[in-house]
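[1] could you work out the structure for the sequence below:
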Amino acid sequence: MSDEQQRPDPVRTTSAQLKAYAHETRRDMLTLLRRRDRLRAADIAEALNVAAGTASFHLRVLAEAGFIEEAPEHARDRRDRVWVVRAPVEVRTMFSQRAVRLTPAELDALTERIEGVISTAVDAHDRNDPDGRSWQIDLLAVDGRI
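    I've put the predicted structure just below:
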């Protein structure tokens, strides 16, 4: 399978996604789901030490924003809710901020180049290296129109 077939098309971040991602508990949930592939709502609540109702609320917000989805094929029964990160959405903490003036096309080109650099680094990484860690890279571009 070629590299182009493996990577999903980038998805533009919506204001609903920015709002969903702004909450620390929801970011923690996304990190946990990325690390463990899929989890039950109860397991997420336990891992993050939050009430089951609180976890369910935040999971629904993440689902409505398009970050995650239910995976009923992994549920034990109809009441069991298992969640996975949606394939086309990657929530991409060192903080670096830089203001630049670009056209939308230039921003798209820059984003594509950044994604290429990240993909090259991921492809070159030795998964057996004991020093390898999971990193989260956040790219946020806001033009004031949200």
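
[2] check contacts around Ala71.
    Residues in contact with Ala71 (C-beta atoms under 8 Å, 6 or more residues apart in numbering) are Arg38, Val82, Trp83, Val84. All C-beta spots, glycine's among them, are computed from the backbone N, C-alpha and C.

[3] select only the buried ones of those residues in PyMOL?
    With 16 or more other C-beta atoms under 10 Å as the burial test, the buried ones among those are selected in PyMOL as follows:
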select buried, resi 38+82+83+84
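
[4] now the strands for this protein?
    38-40, 68-70, 82-85 (DSSP state E).

[5] residues making contact with stretch 51-60?
    Applying C-beta under 8 Å, 6+ apart, the set of residues contacting stretch 51-60 is 23, 25-26, 29, 41-42, 44-45, 48, 50, 68, 81, 83.

[6] which stretch among the strands of the chain comes nearest Ile137?
    Checking the strands of the chain against Ile137 by C-beta to C-beta gives strand 82-85 as the closest, at 14.9 Å.

[7] helices and strands around the closest one, which ones?
    In this structure, strand 82-85 makes packing contacts with helix 24-36, strand 38-40, helix 41-48, strand 68-70, judged by 3 or more C-beta pairs under 8 Å, 6 or more residues apart in numbering; DSSP states H and E.

[8] kindly reformat these as TSV containing distance to Leu62 and mean pLDDT.
    TSV is the format used below for the helices and strands packed on strand 82-85 (distance: least, C-beta to C-beta, whole Å; pLDDT from 0 to 100):
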stretch	distance to Leu62	mean pLDDT
helix 24-36	6	90
strand 38-40	12	91
helix 41-48	10	94
strand 68-70	5	92
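
[9] TSV for those, including distance to Ser15?
    Output for those, formatted as TSV (distance: least, C-beta to C-beta, whole Å):
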stretch	distance to Ser15
helix 24-36	15
strand 38-40	27
helix 41-48	25
strand 68-70	18
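
[10] closest to Leu18 out of the ones you listed?
    Here helix 24-36 is closest among the helices and strands packed on strand 82-85 (C-beta to C-beta), at 11.3 Å.
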